[in-house]
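just the structure for this:
(one chain, ligands or ions: 1)
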Amino acid sequence: MYRLVLVRHGESEWNKSNLFTGWTDVDLSAKGAKEAKDAGILLKEGKFVFDVAYTSYLKRAIKTLYYILDAMNLLWIPVHKTWQLNERHYGALQGLSKLTTAQQYGEDQVMLWRRSFDVLPPSLNQEDERYPRNDPKYRDVPDSQIPLTESLKETIVRVQDYWDREIKPQILAGKNVVIAAHGNSLRALVKYLENLSNEEIVDVNIPTGTPLVYTLDENLKPVEKYYLGSDQKVEHKIRKAADPDKILE
Ligand SMILES: O=C(O)[C@H](O)COP(=O)(O)O
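Residues are numbered from 1 along each chain as shown. As a prediction, the model looks like this:
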C-alpha cells in the first residue's frame, strides 16, 4: 500500500474576489496563507512525513507547499515544479468576474465552462498579453503545448503525462509524495486515479488548503480517500469551491 497527499492551494486573491484565474499568477490572500499553514499543522499532527514534493509554476501553489513543509519541518526535501501541474488555462475568461459572467451568459453556460469535461472556455489569441508565451516561466515549453484555453480534457493529458513520467515511479519506489496544485489540475488527477466517468467528474469540487489523503494499492488504484480536518469545515469548503457566489462566510 502507498499513501499520496494532494492539496489545492489556499484561497488566492482572485478566489477572494471571485475572478476566473487559470494561469494568472496571483498570490495567496492572508486567509489562504493561514489555510496553508493550518494544513501543515494538521499533517504534522497526523504524523505524515513526505520524501518528495511536486507543485506548479504558480506562486499560490508554491507558497502553499512551502507553508505546509515549513509547518512540518520538511523544507529540506526535494521540491519539483512543473507547468504541467498548473491550473487549467481559463482562456479569455481569465480576469473576468464569475458572477458578472454568469449574469451575462447564464449560470448554465458558466457551469459548463467551469465543470464540464470537454467544453472549452473562449480562447485567447496569440496577440493577447495573457498569452503564456509572453511569460519567461514558460520559455522551455514547446509552442505546441502552450495553451490558449483548456477544458478538463486537455488538462488531463498534461497532468497524466507528468504523473506517469515523474510522480508514479517515485511512489512505486516507496517515496511519500505530496502534490500542491490547483482545483482543476487536481480534478484532472482525481479523475484519472479514481477512473471517474466524464459525468462523475462534473460534481467533484476540491476545497482550498485541505489535504486530501489517498491510500493506493500496488497498482496505484485508490482503496481509501479522505480529507483531513473537521467534516463540517471540509463540507463548507467543498460547497464554496462548487459555488463561491452562494456561500456567505
Ligand atoms: O482558475 C480559477 O478560477 C480557480 O482556480 C478555479 O476555478 P473554478 O472553480 O471556477 O474552476
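
and the residue of the protein nearest the ligand?
The ligand sits closest to residue 21 of the chain, with a gap of 3.5 Å, by CB to the nearest ligand atom. (C-beta placed from N, C-alpha, C; glycine too.)

tally of neighbours for that residue?
Per other CB atoms under 10 Å, the neighbour tally for residue 21 reads 24.

any idea how far it is from residue 87?
Distance, residue 21 to residue 87, by CB to CB, to the nearest Å: 6 Å.

what's the answer for residue 220, then?
Going from residue 220 to residue 87 by CB to CB gives 24 Å.

residue 163 too?
16 Å.

and these two? Which one has more around it.
Higher neighbour count among residue 163 and residue 87: residue 87, with 26 against 22, using other CB under 10 Å.

can you pull the contacts of the more buried one?
Applying CB atoms under 8 Å, 6 or more residues apart in numbering to residue 87 gives the contacts 21-23, 56, 58, 181-185.

would you mark the buried spots in the helix or strand where residue 80 lies?
For residue 80, the enclosing helix or strand under DSSP states H and E is strand 79-81. By neighbour count with 16 or more other CB atoms under 10 Å, strand 79-81 contains the buried residues 79, 81.

who touches the following helix or strand past that strand?
Remark: after strand 79-81, the chain's next helix or strand is helix 98-105, criterion DSSP H and E. With contacts defined as CB under 8 Å, 6+ apart, helix 98-105 is touched by 18-20, 93, 110, 114, 244-245.

state the helix or strand in which residue 185 lies.
Residue 185 belongs to helix 183-194, assigned by DSSP H and E.

residue 118 against residue 199, yeah?
No. Using CB atoms under 8 Å as the test, residue 118 is too far from residue 199 to be in contact (11.6 Å).

residues in contact with the residue nearest the centre of the chain?
The centroid of the chain falls nearest to residue 182 when counting by CA atoms, centre = their mean (1.4 Å). Applying CB under 8 Å, 6+ apart, we find residue 182 in contact with 8-9, 56, 58, 60-61, 85-88.

next, the buried residues of stretch 17-29.
Those buried within stretch 17-29 under the rule 16+ other CB under 10 Å are 19-26, 28-29.
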